[in-house]
Every structure is written in structure tokens, then in C-alpha cells.
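# make a model of this:
(one chain, ligands or ions: 1)
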Amino acid sequence: MTGITTTDLVKRFDDVTAVDGVDLNVRDGEFLVLVGPSGCGKSTTLRLLAGLESPTEGAVEIADSDVTDTPPGDRDVAMVFQSYALYPHMTARENMTFGVRTATDFGSGEVDDRVAEAAAILDIEDLLDRTPAALSGGEQQRVAIGRALVRDPEVFLMDEPLSNLDAKLRVQMRAELAELHAELQTTTLYVTHDQVEAMTLGDRVAVMYDGELQQVAPPQRLYDAPDTRFVAEFIGSPGMNTVEATLERRGDDAVATWGSNQLTLPSAGRVADRVDGRAVLGVRPEDLRQERDGPLRMEITVTEPLGDSLLTRGTVGGAEMEVSLPARSPVGVGDAVSLAADPERLHLFDPESGEALYHSSTELDATEAEPLLADGSPERR
Ligand code: ATP
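Predicted coordinates for the structure are as follows:
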């Protein structure tokens, strides 16, 4: 088993707690993406796994052995950095092989074979004798990944490896990385601040905020049933709308009210009993639609045509909200539109702790929810 496990991992720099009690489990062969806003502690977590930082508290296990005090060179991990970190005076081939013989027990024939194999996988066979200055950004990135492949590590650790590439190349390299992982099945932890990258690449995605893990789950589950308000607002483009509302039981259901706007939450009566008349309602921009006599009224302040849809911002009962309308909808700034929400796509969060109280999709049909393992984590798909 070549998984990674951290136990109560803490890293403090003077008065900054960069990593605050992280229990992370990357399964054997899994591609796990660690995502979160700038400064939340992602890179520090990765550096702790690589051995480039030592933890203030806690332990790191790789492939079932405790490596907390093991130097980086003895951990059998290969890192790929945002900066590529290629030596400018060396050719691509020299960059890929530099230090390999001392770090591994490969003989020189084997190293040559491994370079040829990695170059074939990454389609850089014709570029091996060029220096980085003669390579495009995408080609340099392939060489940096090739260097990691040649080492044949137990684990890949990748820190924002695509963020220096232009948008089109990022999408292409993203697909290539996904293909590469499907082929090699090497356990990978991948750090990014880009939630689209996280959702498209990860078998599971770990969302981090302020040094702590908020939720670790398959991408669709994060989107459908976020555990916290932070995850709800962070995942999605744009993220979920959230608004403080009063909550009252009405039969089996509950009614959320803010201003003159009201939404009925199916089967949320029991949730309304548990809270003190107040909750944060969540609804995604794509789960709202324009409907004559709909229960919500939005004053439009901005429209953004995205081509395939019209993203519309405005205020609903004093709260800022975004709605994804069909492309070419005949609405403009200053208009007031009536909206309705998909009743099976509503969410409630605790106003103080931010924890999820209810997702109407899982409440209506609990069998739709992903089965949970004994430790509370979702079962791998
Ligand atoms: P980004 O996406 O911007 O790279 P990140 O999520 O990777 O952010 P980290 O680089 O892990 O965040 O930093 C987490 C926190 O720890 C930040 O507040 C940062 O300023 C602090 N930090 C990181 N390294 C050090 C250090 N060597 N000394 C002091 N503070 C540090």
C-alpha cells in the first residue's frame, strides 16, 4: 500500500499556525487534490509530506511507514513545483536524470530506459537535447513531470504545477495529467487554489481553509452536499449563494423568509425545530430560474454574458445573489425579475458554526447520498 496518512499534523511559524491539526488520508493509487484559498496552508502541508518542513506536532506516514523524521531524499516521493525548477544550463535529458543515480539504485542503462519511457509518455522525445530556454512553458512543464516520472516514486506531490501556463494549455495539460494518472496509478497529492482544476482532476478533493480541512469527498458530493458554508461558497463557479433567513416549520416542511422573499424547503420541518428560528439558506446560481410570479424578486445590478449562459448578479431581499439564466435572456441592469428555485437543490447552514444542517436532495431521498465508511468518509467510487 502506498497511501499517505497524516495524523493531527500541525505546523506553526512563530505566531502563524499554517497547518492546524490535519488528518488526511490519500489512498493507494488515488489522485487527491488539496484546494483552498491563498494562504490556507496547502503548500505547507505538501512540504511537510515531502520532508521539506518538519511538523510542530503530528505524524506523516507514507506507504505504511512513519516518515515524520525521515529526510526528504529517503521518502521516495517526487515533487513537481509551480516554478518547474529546471536547471537552465542543463538539457531536458540532464534535468530529468540529474541526481537520479544517487537518489535511486538504478544503473545507468536503466536510467536511460526510464528517460526514454517517460519521454515517450510525455511526447517530448524530440526535445531531450534542448535547454529550458529553448522550450515553451508547456514543454518545460512536461520535462519537470518527466523528471518526477524517471524516479518512479511511491508518491507524486504536485504544487500548482499548471499555474504558469496560459488558460488553453492548462486545460490541455490537465487532461494529460489525468491520462497519465490513469495509466500509472501512482498515489498523487495535487495542490491548487483553482476549484475547477480540483473538481476535474481529483478522485477526491480536500478543501482546506485557515489551516484546517473542511471536507474530503468526491467532486460531485462536494458540489451536491457541502459540509460547510465555506465549501458551498468555494466550490462552483460562481459558488453557492447564501443568505441569512428566518426559518419556520410548516407541516413537514420549513419556510425560509428574508425580506419579502420566501422559499419552502421540503421535509425540513425537523431542521426548523432544531434551530432557533434562524438559518443560512443556500442555493446555487444554476438552481434558480426566471419564473413569472416566482417567490423571489431580484433587482439586477450586473449581467455577464458567458456565451452558453447569462450570469446575472443582483439583490434579493437586500442580499447579493447570482443567477445563471439561459443565454440571450432578455434582461438588463435595472430590471426586476421573478425567480423560483429548484426545491430539490436547497441547503441550510448553521449561522454560527457554518456547518450544513440540510440538503434537500439527500433529505428527499437518502439513498442518493453516497454511502459512508465507518470513519465517516465517503466510500470510493
Ligand atoms: P498559496 O496558494 O498562496 O501558495 P497556501 O495555501 O499554499 O497559499 P502556505 O504557503 O502553506 O499557503 O502558507 C500558509 C500560511 O503560513 C500563510 O499565512 C503563510 O504566510 C505562512 N507561512 C508559510 N511559510 C512560512 C514561513 N516559512 N515562515 C512564516 N510563515 C510562513
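
# just checking, what packs against the helix or strand containing R313?
R313 belongs to strand 309-316 when elements are defined using DSSP states H and E. Helices and strands touching strand 309-316, by 3 or more Cβ pairs under 8 Å, 6 or more residues apart in numbering; DSSP states H and E, are strand 296-305, strand 319-326, strand 336-341. For every residue, glycine as well, the C-beta is placed using N, CA and C.

# just after the lengthiest helix in the chain, pick out the following helix or strand.
As assigned by DSSP state H, the longest helix anywhere in the chain is helix 167-184. Counting by DSSP H and E, the next helix or strand C-terminal to helix 167-184 is strand 187-192.

# how about that next one: buried residues?
For strand 187-192, burial by neighbour count (16 or more other Cβ atoms under 10 Å) applies to T187, T188, L189, Y190, V191, T192.

# what of stretch 107-123?
For stretch 107-123, by 16+ other Cβ under 10 Å, it's V111, R114, V115, A118, A119, I121, L122.

# the third one belongs to a helix, doesn't it?
Yes. Assessed by DSSP: H, G, I helix; E, B strand; the rest coil, V115 belongs to a helix.

# ok, now how distant is it from E183?
Distance of V115 to E183, given as Cβ to Cβ, to the nearest Å: 17 Å.

# next, count neighbours for the residue of the stretch 151-300 of the chain found nearest the ligand.
Using Cβ to the nearest ligand atom, the closest approach of the stretch 151-300 of the chain to the ligand is made by H193 at 4.6 Å. Residues lying near H193 (other Cβ atoms under 10 Å) number 19.

# kindly report the same for the one 4 residues further on.
Close neighbours of E197, defined as other Cβ under 10 Å, add up to 22.

# how about it: what's its closest non-neighbour residue?
With sequence-adjacent residues excluded and distances taken as Cβ to Cβ, 6 or more residues apart in numbering, E197 is closest to R174, at 6.3 Å.

# what count of nearby residues applies to the one you found?
Other residues lying near R174 total 19 when counted by other Cβ under 10 Å.

# all helices of the stretch 151-300 of the chain, in order?
For the stretch 151-300 of the chain, the helices defined by DSSP state H, counting those that start in this stretch cover 167-184, 195-201, 219-224, 229-234, 269-274.

# would you mind pulling the contact partners of the first one?
Contacts of helix 167-184 from elsewhere in the structure, counted by Cβ atoms under 8 Å, 6 or more residues apart in numbering, are 31, 121-122, 137-138, 141, 145, 149, 161-163, 165, 188, 197, 200-201.
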